[in-house]
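In: predicted model follows, preceded by the sequence.
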Amino acid sequence: MTRELLESGLELTCVEKDERFVKYLTESDFGRDLQKKGSLKVFCEDVVSFDFLEWLKLSEESKAICGNIPYHISTPILFAVLPYLSQLKGVWFLVQLEFAERLASLTRCKSYGSLSVYTQLRADVTIECVVDKSLFYPVPKVDSAIVSLCEPSKKYSDYSLRSVEKLTKICFSQRRKMLSNSLKPLIQKHHKQPPIDLSRRCDTLTPKDFVTLAEWIFPQKKEGF
């Protein structure tokens, strides 16, 4: 992937934790030539703790993020990148197919959960294509997918987003229960008619429904969250 991107004429910043791959990128004839041309910068760092904000400030050129990311830390990498989505042309990740399905899942699907809601409130998510496991060597046990994320058409306040996080954590831990039961301790104090039918189960609510419900349960106060 790195070679293909570089050969397409793009300026590339690589973030790689494994020193073996960093050594190849920086010490091979291929890597040294590209660094001389100024088209390749390499950081030997953990991408989860990488300073994306500082990287974005390096130039005013439009930027995008892509990567064949380690499957076991896909969620932390996703969380690290999403806050900067509005400053990017987009994000493209090769991930495990099951993870991609969770990100893009529709309501009433087994894959739909708190991660689906979290991501879809912060990004427009698309599964671009499925990558069959036979295309890898050695052949893994699971298929993969390329998923794209871009800035959403609708943005919500930080308060609303954090309220939804709190709500979905409760709801999806008891996903088979009706909302009236799983949220009973939170809704007892409310006397107004709820904006969502509480006889429903959480996996029938869209991300937007969760925002509506969260703003009713956790009305914003002057002193903050």
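Out: That came in fine, so what should we check first?

In: residue ranges with poor pLDDT in the protein?
Out: Scanning the chain for pLDDT under 70 picks out 30-31, 33-38, 222-225.

In: what segments of it are helices?
Out: For the chain, the helices defined by DSSP state H cover 2-7, 19-27, 29-36, 52-57, 74-81, 97-104, 114-120, 158-172, 179-182, 184-187, 207-217.

In: looking at those helices, which is nearest to Thr13?
Out: Comparing these against Thr13 with C-beta to C-beta, the closest turns out to be helix 52-57 (6.4 Å). (Each C-beta comes from the backbone N, C-alpha and C, glycine too.)

In: give me the contact list for the closest one.
Out: Counting by C-beta atoms under 8 Å, 6 or more residues apart in numbering, the neighbours of helix 52-57 from elsewhere in the structure are 13, 63, 80-81, 83-84, 87.

In: ok, and the closest non-adjacent residue to the residue most central in space within the chain?
Out: Ranked by distance to the mean C-alpha position of the chain (C-alpha atoms, centre = their mean), the top residue is Leu78 at 3.6 Å. Residue nearest to Leu78 in three dimensions, not counting chain neighbours: Thr119, with 6.9 Å by C-beta to C-beta, 6 or more residues apart in numbering.

In: touching, that neighbour and Val125? I think so.
Out: Yes - contact status for Thr119 versus Val125: in contact at 5.8 Å, counting by C-beta atoms under 8 Å.

In: between the two, which one's more packed in?
Out: For Thr119 and Val125, the more surrounded residue by other C-beta atoms under 10 Å is Thr119, and the numbers stand at 23 against 19.

In: for Ser148, list each beta-bridge partner.
Out: Trp92, Thr126 (DSSP bridges).

In: number of residues surrounding it?
Out: Other residues within reach of Ser148 by the criterion other C-beta under 10 Å amount to 18.

In: again, but for Lys63
Out: Around Lys63 sit 17 other residues, with neighbours defined as other C-beta under 10 Å.

In: try Lys141
Out: Lys141 sits with 6 neighbouring residues when counted by other C-beta under 10 Å.

In: please tell me how far it sits from Thr75.
Out: Between Lys141 and Thr75 the distance, using C-beta to C-beta, to the nearest Å, works out to 19 Å.

In: one more: Lys184?
Out: Using C-beta to C-beta, one obtains 29 Å as the distance from Lys184 to Thr75.

In: which ones are touching Pro140?
Out: In this structure, Pro140 makes contact with Lys133, judged by C-beta under 8 Å, 6+ apart.

In: how close does it get to Asp51?
Out: The spacing between Pro140 and Asp51, counted by C-beta to C-beta, is 31 Å.

In: one more: Ser134?
Out: The spacing between Ser134 and Asp51, counted by C-beta to C-beta, is 38 Å.

In: list the contacts for the nearest residue to Ile65 once chain neighbours are set aside?
Out: Nearest-residue entry for Ile65: Val91, 4.7 Å, with adjacent residues in sequence omitted and distances by C-beta to C-beta, 6+ apart. Neighbouring residues of Val91 by C-beta under 8 Å, 6+ apart: 64-66, 81, 85, 123, 148-150.

In: which one of those residues is nearest Cys202?
Out: Once C-beta to C-beta is applied, the member of the contacts of Val91 that ends up nearest Cys202 is Ala123, at 20.7 Å.

In: tally of neighbours for the closest one?
Out: Counted with other C-beta under 10 Å, residues neighbouring Ala123 total 23.
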